[in-house]
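S.K.: Kindly generate the corresponding structure for this input.
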Amino acid sequence: VNDLVSCGVYVFTREVFELLNQAGTRKKSLAEEDPSEILRQKLNKSTFGSSTHVSLENDIITSLAGTQRAYVYEIDLSSQYWFKISSSADLLPALKATLESYKKDKPEVLSKNVVTDGPKITGEVFVDPSAHVHPSSSLGPNVSIGPGVTIAAGVRIKNAILFDNVVVEENACILNSIIGWENHIGPWSRVEGSTTPEKSDSSQCNERVTVLGTGVTVEPEVFIKNSVVLPHKSINANQNRQIIL
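M.R.: Residues are numbered from 1 along each chain as shown. Down below sits the predicted model:
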(Lines give C-alpha, C1' and ligand atoms only; values in the text may rest on other atoms or scores of the structure.)
Protein backbone atom coordinates (compact mmCIF):
# COMPACT_ATOMS: atom_id res chain seq x y z
CA VAL A 1 0.00 0.00 0.00
CA ASN A 2 1.39 3.38 -1.01
CA ASP A 3 1.60 5.83 1.90
CA LEU A 4 1.61 8.99 -0.30
CA VAL A 5 -1.45 11.20 0.14
CA SER A 6 -2.75 14.25 -1.69
CA CYS A 7 -2.49 17.34 0.51
CA GLY A 8 -4.82 19.38 -1.68
CA VAL A 9 -2.31 21.81 -3.16
CA TYR A 10 -2.02 21.81 -6.95
CA VAL A 11 -0.05 23.87 -9.45
CA PHE A 12 -1.42 24.03 -13.00
CA THR A 13 -0.65 25.67 -16.31
CA ARG A 14 -3.46 27.62 -17.98
CA GLU A 15 -4.27 24.46 -19.92
CA VAL A 16 -6.32 23.32 -16.92
CA PHE A 17 -9.16 25.67 -17.91
CA GLU A 18 -9.53 23.87 -21.23
CA LEU A 19 -9.48 20.53 -19.40
CA LEU A 20 -12.21 21.75 -17.05
CA ASN A 21 -14.32 22.87 -20.01
CA GLN A 22 -13.85 19.52 -21.74
CA ALA A 23 -14.77 17.61 -18.57
CA GLY A 24 -17.93 19.68 -18.13
CA THR A 25 -18.98 19.15 -21.73
CA ARG A 26 -18.28 15.42 -21.46
CA LYS A 27 -20.37 15.03 -18.29
CA LYS A 28 -23.24 17.02 -19.76
CA SER A 29 -23.28 14.86 -22.89
CA LEU A 30 -23.16 11.69 -20.83
CA ALA A 31 -26.09 12.88 -18.70
CA GLU A 32 -28.15 13.62 -21.81
CA GLU A 33 -27.43 10.21 -23.34
CA ASP A 34 -27.87 8.06 -20.22
CA PRO A 35 -31.01 8.57 -18.06
CA SER A 36 -29.41 6.71 -15.15
CA GLU A 37 -26.55 9.20 -15.22
CA ILE A 38 -29.05 12.07 -14.96
CA LEU A 39 -30.54 10.47 -11.83
CA ARG A 40 -27.11 9.89 -10.29
CA GLN A 41 -26.08 13.50 -10.87
CA LYS A 42 -29.37 14.79 -9.47
CA LEU A 43 -28.75 12.80 -6.32
CA ASN A 44 -25.35 14.46 -6.05
CA LYS A 45 -26.74 17.93 -6.74
CA SER A 46 -27.36 18.74 -3.06
CA THR A 47 -23.71 18.01 -2.36
CA PHE A 48 -22.04 19.59 -5.38
CA GLY A 49 -24.54 22.34 -6.25
CA SER A 50 -24.86 21.38 -9.94
CA SER A 51 -25.86 18.28 -11.89
CA THR A 52 -22.83 18.85 -14.16
CA HIS A 53 -20.38 19.42 -11.33
CA VAL A 54 -16.74 18.94 -12.34
CA SER A 55 -14.47 17.44 -9.70
CA LEU A 56 -10.84 18.49 -9.85
CA GLU A 57 -9.67 15.25 -8.23
CA ASN A 58 -11.97 12.84 -10.09
CA ASP A 59 -12.32 14.46 -13.52
CA ILE A 60 -8.99 16.24 -13.98
CA ILE A 61 -6.25 14.73 -11.82
CA THR A 62 -7.31 11.14 -12.52
CA SER A 63 -7.48 11.75 -16.27
CA LEU A 64 -3.92 13.12 -16.25
CA ALA A 65 -2.49 10.02 -14.56
CA GLY A 66 -0.17 8.13 -16.88
CA THR A 67 0.00 10.95 -19.45
CA GLN A 68 3.41 12.26 -18.29
CA ARG A 69 1.76 15.62 -17.64
CA ALA A 70 1.14 15.22 -13.89
CA TYR A 71 3.86 15.05 -11.24
CA VAL A 72 4.02 14.65 -7.47
CA TYR A 73 6.13 16.70 -5.08
CA GLU A 74 7.02 14.38 -2.22
CA ILE A 75 7.85 15.94 1.16
CA ASP A 76 10.81 14.45 2.99
CA LEU A 77 9.42 14.32 6.53
CA SER A 78 12.90 13.83 7.97
CA SER A 79 13.77 17.43 7.06
CA GLN A 80 10.41 19.05 6.16
CA TYR A 81 6.92 19.13 7.55
CA TRP A 82 3.40 19.65 6.26
CA PHE A 83 0.75 21.62 8.10
CA LYS A 84 -2.86 21.61 6.97
CA ILE A 85 -4.41 25.10 6.64
CA SER A 86 -8.20 24.84 6.53
CA SER A 87 -9.08 28.24 7.96
CA SER A 88 -7.43 31.41 9.21
CA ALA A 89 -7.39 29.93 12.72
CA ASP A 90 -4.93 27.28 11.51
CA LEU A 91 -2.30 29.92 10.71
CA LEU A 92 -1.37 30.39 14.36
CA PRO A 93 -0.62 26.68 15.07
CA ALA A 94 1.28 26.65 11.77
CA LEU A 95 3.27 29.66 12.93
CA LYS A 96 4.05 27.87 16.19
CA ALA A 97 5.31 24.81 14.30
CA THR A 98 7.45 27.02 12.06
CA LEU A 99 8.98 28.94 14.97
CA GLU A 100 9.73 25.69 16.78
CA SER A 101 11.49 24.40 13.69
CA TYR A 102 13.53 27.63 13.57
CA LYS A 103 14.47 27.13 17.21
CA LYS A 104 15.99 23.79 16.22
CA ASP A 105 17.45 24.56 12.79
CA LYS A 106 17.81 28.38 12.54
CA PRO A 107 17.92 29.79 16.08
CA GLU A 108 19.69 32.91 14.85
CA VAL A 109 16.51 34.22 13.15
CA LEU A 110 14.53 34.26 16.42
CA SER A 111 14.49 37.26 18.73
CA LYS A 112 16.15 37.10 22.12
CA ASN A 113 15.82 39.11 25.31
CA VAL A 114 18.19 42.06 25.45
CA VAL A 115 18.89 43.02 29.05
CA THR A 116 19.57 46.72 28.56
CA ASP A 117 17.61 47.84 25.49
CA GLY A 118 14.98 45.56 24.05
CA PRO A 119 11.42 44.26 24.47
CA LYS A 120 10.58 41.37 26.77
CA ILE A 121 10.61 38.18 24.69
CA THR A 122 8.77 35.06 25.88
CA GLY A 123 9.09 31.82 23.94
CA GLU A 124 9.65 31.79 20.18
CA VAL A 125 9.29 35.19 18.49
CA PHE A 126 10.30 36.41 15.03
CA VAL A 127 10.79 40.14 14.45
CA ASP A 128 11.76 41.41 11.01
CA PRO A 129 14.92 43.53 11.14
CA SER A 130 13.07 46.51 9.65
CA ALA A 131 10.43 46.55 12.40
CA HIS A 132 10.58 49.15 15.19
CA VAL A 133 9.72 47.67 18.59
CA HIS A 134 9.70 49.78 21.76
CA PRO A 135 11.84 48.27 24.53
CA SER A 136 8.96 48.42 27.03
CA SER A 137 6.73 46.17 24.93
CA SER A 138 6.21 42.45 25.58
CA LEU A 139 6.16 39.86 22.79
CA GLY A 140 5.44 36.15 22.76
CA PRO A 141 5.12 33.35 22.82
CA ASN A 142 4.32 32.49 19.19
CA VAL A 143 4.55 35.89 17.54
CA SER A 144 5.64 36.99 14.06
CA ILE A 145 6.30 40.68 13.38
CA GLY A 146 6.56 41.60 9.69
CA PRO A 147 8.59 44.22 7.81
CA GLY A 148 8.03 47.89 8.62
CA VAL A 149 5.88 47.22 11.70
CA THR A 150 5.92 49.84 14.46
CA ILE A 151 5.15 48.80 18.04
CA ALA A 152 4.88 51.56 20.64
CA ALA A 153 5.49 51.57 24.40
CA GLY A 154 3.64 49.18 26.69
CA VAL A 155 2.22 46.99 23.91
CA ARG A 156 1.47 43.32 24.66
CA ILE A 157 1.38 40.80 21.80
CA LYS A 158 0.87 37.05 22.20
CA ASN A 159 0.10 34.25 19.72
CA ALA A 160 -0.32 36.62 16.79
CA ILE A 161 0.83 37.44 13.28
CA LEU A 162 1.38 41.07 12.27
CA PHE A 163 1.89 41.58 8.54
CA ASP A 164 3.80 44.42 6.89
CA ASN A 165 3.60 48.07 8.00
CA VAL A 166 1.23 47.59 10.92
CA VAL A 167 1.26 50.37 13.53
CA VAL A 168 0.38 49.44 17.12
CA GLU A 169 0.07 52.43 19.43
CA GLU A 170 0.76 52.72 23.16
CA ASN A 171 -0.56 50.12 25.59
CA ALA A 172 -2.56 48.19 22.98
CA CYS A 173 -2.98 44.44 23.42
CA ILE A 174 -3.15 41.81 20.66
CA LEU A 175 -3.87 38.18 21.55
CA ASN A 176 -4.64 35.15 19.34
CA SER A 177 -5.10 37.34 16.27
CA ILE A 178 -3.98 37.90 12.69
CA ILE A 179 -3.40 41.54 11.79
CA GLY A 180 -3.31 42.33 8.06
CA TRP A 181 -1.12 44.71 6.10
CA GLU A 182 -1.20 48.46 6.82
CA ASN A 183 -3.39 48.16 9.92
CA HIS A 184 -3.46 50.89 12.58
CA ILE A 185 -4.23 49.73 16.13
CA GLY A 186 -5.09 52.67 18.40
CA PRO A 187 -3.80 53.24 21.96
CA TRP A 188 -5.35 51.20 24.77
CA SER A 189 -7.27 49.09 22.26
CA ARG A 190 -7.54 45.31 22.54
CA VAL A 191 -7.73 42.83 19.66
CA GLU A 192 -8.32 39.32 20.91
CA GLY A 193 -9.27 35.86 19.70
CA SER A 194 -9.89 32.61 21.57
CA THR A 195 -7.79 29.47 21.69
CA THR A 196 -10.95 27.32 21.67
CA PRO A 197 -14.00 27.55 19.36
CA GLU A 198 -16.97 29.61 20.44
CA LYS A 199 -20.37 27.93 20.87
CA SER A 200 -21.93 27.53 17.43
CA ASP A 201 -24.42 30.22 16.45
CA SER A 202 -25.33 30.67 12.79
CA SER A 203 -26.21 34.33 13.37
CA GLN A 204 -22.74 35.25 14.62
CA CYS A 205 -19.11 34.78 13.68
CA ASN A 206 -17.73 31.58 15.21
CA GLU A 207 -14.10 32.14 14.24
CA ARG A 208 -11.65 31.22 17.00
CA VAL A 209 -9.18 33.98 16.16
CA THR A 210 -9.70 37.62 15.30
CA VAL A 211 -8.67 38.51 11.75
CA LEU A 212 -8.25 42.07 10.50
CA GLY A 213 -7.97 42.55 6.74
CA THR A 214 -5.72 45.01 4.92
CA GLY A 215 -5.88 48.67 5.90
CA VAL A 216 -8.10 48.35 8.97
CA THR A 217 -8.09 51.11 11.59
CA VAL A 218 -9.00 50.31 15.20
CA GLU A 219 -9.81 53.48 17.12
CA PRO A 220 -8.46 54.10 20.66
CA GLU A 221 -9.89 52.06 23.54
CA VAL A 222 -11.88 49.69 21.28
CA PHE A 223 -12.19 45.99 22.14
CA ILE A 224 -12.52 43.52 19.23
CA LYS A 225 -13.02 39.85 20.15
CA ASN A 226 -13.43 36.75 17.97
CA SER A 227 -14.35 38.82 14.92
CA VAL A 228 -13.43 39.11 11.26
CA VAL A 229 -13.00 42.60 9.80
CA LEU A 230 -12.82 43.01 6.03
CA PRO A 231 -10.26 45.36 4.45
CA HIS A 232 -10.26 49.14 4.77
CA LYS A 233 -12.73 49.42 7.64
CA SER A 234 -12.56 51.79 10.60
CA ILE A 235 -13.75 50.28 13.89
CA ASN A 236 -14.83 52.80 16.53
CA ALA A 237 -17.02 50.60 18.77
CA ASN A 238 -16.52 47.33 20.61
CA GLN A 239 -17.16 44.17 18.55
CA ASN A 240 -17.74 40.60 19.74
CA ARG A 241 -18.20 37.65 17.38
CA GLN A 242 -19.00 39.85 14.41
CA ILE A 243 -18.15 39.89 10.71
CA ILE A 244 -17.60 43.51 9.65
CA LEU A 245 -18.26 43.74 5.89
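S.K.: in the protein, which spans are helices?
M.R.: Along the chain, counting by DSSP state H, helices occupy 15-33, 35-48, 62-64, 91-105.
S.K.: and the ones you listed as CSV, adding mean neighbour count, mean pLDDT and distance to Ser189?
M.R.: For glycine as for every other residue, the C-beta is placed from the backbone atoms N, C-alpha and C. Output for the helices of the chain, formatted as CSV (neighbours: other CB atoms under 10 Å; pLDDT from 0 to 100; distance: least, CB to CB, whole Å):
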stretch, mean neighbour count, mean pLDDT, distance to Ser189
helix 15-33, 14, 82, 44
helix 35-48, 12, 54, 43
helix 62-64, 14, 82, 51
helix 91-105, 15, 91, 20
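S.K.: Could you dump the ones you listed into TSV and include distance to Asp117?
M.R.: Listed next are the helices of the chain as TSV, based on distance: least, CB to CB, whole Å:
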stretch	distance to Asp117
helix 15-33	53
helix 35-48	59
helix 62-64	57
helix 91-105	23
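S.K.: Of all those, which one is nearest Ile243?
M.R.: helix 91-105 (17.7 Å; CB to CB).
S.K.: lowest average confidence, helix or strand, in this protein?
M.R.: Taking mean pLDDT, DSSP states H and E as the measure, the chain has helix 35-48 as its least confident helix or strand, at a mean of 54.
S.K.: For the spatially most central residue of the chain, list the residues it contacts.
M.R.: Nearest to the mean C-alpha position of the chain, counting by CA atoms, centre = their mean, stands Ser88 at 3.6 Å. By CB atoms under 8 Å, 6 or more residues apart in numbering, Ser88 lies in contact with 178, 207, 209, 211, 228.
S.K.: Skipping adjacent residues, who's closest to the third one in space?
M.R.: Yep, that's Val209 we're talking about. Sequence neighbours aside, Gly193 is the residue nearest to Val209 in space, at 3.5 Å (criterion: CB to CB, 6 or more residues apart in numbering).
S.K.: gap between that neighbour and Ser227?
M.R.: 8 Å (CB to CB, to the nearest Å).
S.K.: can you check Phe163 too?
M.R.: Phe163 sits 17 Å away from Ser227, going by CB to CB.
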